[in-house]
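Enquirer: show me the folded form of this:
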Amino acid sequence: MSLSALPTALLIPPVNLVPLGLVGLLLARRHPRLGRAVIALSLLAQLVLAMPITSRALIDSLQAGIPRIVPARPHPETATEMPAEPPPGAIVVLGAESGGGGIGGILPWHGVGPLTLERLQAGAILSRRLALPILVTGGPPEAGAPPLALQMSRSLREDFGITAAWVEPAADDTWQNAEFSAAMLKSSGIKTVYVVTSGWHMRRALMAFRHFDVDAVPVASRFEAPPRLVADGFVPRVSAWQRSYYAIHEWLGCLYYALRS
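Expert: The predicted structure follows:
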């Protein structure tokens, strides 16, 4: 985690629950009952957020209301009919995390990570199905690294045999993904696009693209499974902690975008 990302992380559970527990320890010296209550709240919240059933519920709440219809190739008999609205003229694929800077192996040191690769695969399938061009967007994932969009373009070409029509290499976040992509698309006369990203990230992406006057049609690369009432769902896991963090981060991002619009 970079120093610039630390303040944000400390505002979002479960990371901020650790300093909350330390505050409880300090309070316990002069106010024992209050201090113990704060410590108990911190530990309980950490436990609950580490349960898979909690993290799945949080992720699933982000996916609620996102259409799950996969666009199909127009039927020849209806292709000549005048559409009620201009159909999407391009596909925008949003980048996620980097590959992680490994050493050695067949993969490049800086490459696309699993989430980005999943989105690229979905974008490639959609491009072949609908014969639409692709825009990839994503800036440098870390200092000194090449823009993620360049890595996405290379992966799209080498792994899927598709050349990206536009490469947007400067965006640092979802808001800039939409802002910079909108400028490139509008210069080509395109105002309606398919937006490809993860199901849990789609809500925030649509808010950003629509703010910049782009009619964004959602196509999720994947929807996460909903929570299930099984015993294993209540067993704390580190991975669930991480997913809970992502979900809360997304909801706070949606709130921020709503206030920004």
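Enquirer: who touches Gln63 in this structure?
Expert: Gln63 makes contacts with 199-200, 202, 220, 223-224, as judged by C-beta atoms under 8 Å, 6 or more residues apart in numbering. C-beta coordinates here come from the backbone N, C-alpha and C atoms, glycine included.
Enquirer: which residues are contacting stretch 117-127?
Expert: 71, 91, 93-96, 112, 132-134, 136, 152, 155-156, 159-160, 162, 194, 196-198, 219-222.
Enquirer: need the residue closest to the centroid of the chain.
Expert: His201 (3.8 Å; C-alpha atoms, centre = their mean).
Enquirer: could you point out which element follows the host helix or strand of that residue?
Expert: Using DSSP states H and E, the element containing His201 is helix 199-211. On the C-terminal side of helix 199-211, the closest following helix or strand by DSSP H and E is strand 215-220.
Enquirer: okay, now the sheet partners of that next one, with direction.
Expert: When sheet partners are counted by DSSP bridges, strand 215-220 sits next to strand 192-197 (parallel).
Enquirer: pull out the buried residues from the strand it pairs with.
Expert: By 16 or more other C-beta atoms under 10 Å, the buried positions in strand 192-197 come out as 193-197.
Enquirer: quick one: contacts of that strand?
Expert: Contacts to strand 192-197, defined as C-beta under 8 Å, 6+ apart, come from residues 71, 85-94, 96, 119, 122-123, 126, 130, 132, 135, 185, 202, 205-206, 209, 214-221.
Enquirer: mind redoing it with 7 Å?
Expert: 71, 86-94, 119, 122-123, 126, 185, 205-206, 209, 214-219, 221 (C-beta atoms under 7 Å, 6 or more residues apart in numbering).
Enquirer: of those, select the buried ones using a PyMOL command.
Expert: To isolate the buried members of those in PyMOL, using 16+ other C-beta under 10 Å:
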select buried, resi 88+90+91+92+93+94+119+122+123+126+185+205+206+209+214+216+217+218+219+221
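Enquirer: buried stuff in stretch 153-163?
Expert: 153-156, 160, 162.
Enquirer: so for that stretch, what's the average pLDDT?
Expert: For stretch 153-163, mean pLDDT is 95.
Enquirer: just stretch 121-129 next, same as before
Expert: 97.
Enquirer: now stretch 11-31
Expert: Mean predicted confidence for stretch 11-31 is 85.
Enquirer: buried ones in it?
Expert: Quick answer for stretch 11-31 (16+ other C-beta under 10 Å): 12-15, 17, 20-21, 24, 27-28.
Enquirer: now that stretch, how far from the centre of its chain.
Expert: The chain centre lies 29 Å from the centre of stretch 11-31; the measure is C-alpha atoms, centre = their mean, to the nearest Å.
Enquirer: next one: stretch 225-244
Expert: Chain-centre distance of stretch 225-244: 19 Å, with C-alpha atoms, centre = their mean.
Enquirer: can I get that stretch as PDB, trimmed to CA atoms?
Expert: The C-alpha coordinates for stretch 225-244 follow below in PDB (Å, rounded to 0.1, in the frame of the first residue of the first chain):
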ATOM      1  CA  ALA A 225     -22.400 -15.700  -6.400                       C
ATOM      2  CA  PRO A 226     -24.900 -14.500  -3.800                       C
ATOM      3  CA  PRO A 227     -24.500 -15.500  -0.100                       C
ATOM      4  CA  ARG A 228     -25.700 -18.900   1.100                       C
ATOM      5  CA  LEU A 229     -26.800 -20.000   4.500                       C
ATOM      6  CA  VAL A 230     -24.200 -22.700   5.000                       C
ATOM      7  CA  ALA A 231     -21.900 -23.400   8.000                       C
ATOM      8  CA  ASP A 232     -18.800 -22.700   6.000                       C
ATOM      9  CA  GLY A 233     -20.100 -19.200   5.300                       C
ATOM     10  CA  PHE A 234     -19.600 -18.200   9.000                       C
ATOM     11  CA  VAL A 235     -16.000 -19.400   9.200                       C
ATOM     12  CA  PRO A 236     -13.700 -16.300   9.100                       C
ATOM     13  CA  ARG A 237     -11.300 -16.100   6.200                       C
ATOM     14  CA  VAL A 238      -8.700 -13.500   5.100                       C
ATOM     15  CA  SER A 239     -10.100 -13.500   1.600                       C
ATOM     16  CA  ALA A 240     -13.500 -12.500   3.000                       C
ATOM     17  CA  TRP A 241     -11.900  -9.600   4.900                       C
ATOM     18  CA  GLN A 242     -10.500  -8.400   1.600                       C
ATOM     19  CA  ARG A 243     -13.700  -8.700  -0.300                       C
ATOM     20  CA  SER A 244     -15.600  -6.900   2.500                       C
END
